[in-house]
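[1] Turn this into a structure:
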Amino acid sequence: MSGWNPPPAPGGPPGQPYGYGYGAPPPMAYGPPPMRRKSNAGCVLGIVFAGVAAVVLIAVVAIVAVSMNDHTIDTPAVAGGRSRDYSAEVRMSSTISSQRRIIQQVTGYKVDTVKSAVYGIGSDRYVFVGAEGDFDPDTLVGSFRQAVNREMDSSRFSTLTLPISDAGGDGEAACVSIRHVSSTTTIPSVSTAMCGWMTGDTFGLVYPAPDSSLSSTRVYSSLSVAAVMRDLRDDVED
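    Residues are numbered from 1 along each chain as shown. Purely as a prediction, here's the structure:
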């Protein structure tokens, strides 16, 4: 038929870049590619490692703290260069019992274990009583003063309690100067001292106990007894 033209092919007229006759690109079958999500694995691992490190640090600090305060008391055959006098321990049972009562009062009866011994060189002897338990070293001076005053007869003895700067280790230390006044004179017939140290778990007392058969009276100062206390502590405390 003249004047009739066939319809354009599905590809569109010549020069048309896309089919369907409208010049629009064909629809995308799958849409734009999805955005990649950033992995947070590194952040999670960092948090986990940080938590583990904190736990390890706390455990190490706790172990160090326990090891610094984990003391025990022992009474070896030799302490501070002085030999243990077993026979004197039997004869001095009343003195040892008195020191045990003082330890109980000073610690508020928080004692788990008490050990005692007498150490000496010749006639120069010292009673040692040590205890293990749960103690507060900051209360030593005040509690020590009260306990000794309760144990001693105030009408016959005068006491003076002072802190000692060098405890021979950790913890606190104090000495009580004790003067016994005779009923017939104002001159002291006895001048001695009792010294002790206290940590969070140990408490030790040292008290001179010279041979009573000696004719001359010995005088013991707080400084001299404190020096013996430090010597003994090196061997009776672990």
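[2] Residue 162 looks like it's in a helix, true?
    No. Under DSSP: H, G, I helix; E, B strand; the rest coil, residue 162 falls outside any helix and is assigned strand.
[3] so what's it bridging to?
    For residue 162, the residues forming beta bridges with it (DSSP bridges) are residue 175.
[4] Next, work out how far apart it and residue 235 are.
    Taken as CB to CB, to the nearest Å, the spacing of residue 162 relative to residue 235 amounts to 25 Å. Every C-beta, even on glycine, is put in place using the N, C-alpha and C of the backbone.
[5] Which one's more surrounded, these two?
    The neighbour comparison of residue 162 against residue 235 (other CB atoms under 10 Å) goes to residue 235, with 18 against 14.
[6] which residue packs closest to that one, ignoring adjacent ones?
    On the basis of CB to CB, 6 or more residues apart in numbering, the spatially nearest residue to residue 235 that is not a chain neighbour turns out to be residue 79, at 3.8 Å.
[7] I am assuming that neighbour contacts residue 232, so please confirm or correct that.
    Yes. The pair formed by residue 79 and residue 232 meets the contact definition of CB atoms under 8 Å, at 4.9 Å.
[8] Helices of this protein, start to end?
    For the chain, helices defined by DSSP state H occupy the ranges 41-69, 86-91, 93-106, 140-151, 222-236.
[9] and the third one, what does it pack onto?
    Spelled out, that is helix 93-106. For helix 93-106, the helices and strands in contact under the criterion 3 or more CB pairs under 8 Å, 6 or more residues apart in numbering; DSSP states H and E are strand 111-121, strand 124-133, helix 140-151, strand 188-198, strand 202-208.
[10] Now do the contacts for the residue lying closest to residue 114 once chain neighbours are set aside.
    In this structure, residue 114 finds its nearest non-sequential neighbour in residue 131, 4.8 Å apart by CB to CB, 6+ apart. Neighbouring residues of residue 131 by CB atoms under 8 Å, 6 or more residues apart in numbering: 73, 103, 107, 111-115, 202-204.
[11] mind redoing it with 7 Å?
    73, 103, 107, 111, 113-114, 203 (CB atoms under 7 Å, 6 or more residues apart in numbering).
[12] same thing with residue 191?
    Listed by CB under 7 Å, 6+ apart, the contact partners of residue 191 are 179, 219.
[13] cool, residue 195 as well?
    Shown in contact with residue 195 (CB under 7 Å, 6+ apart): 164, 173, 175, 206, 222, 225-226, 229.
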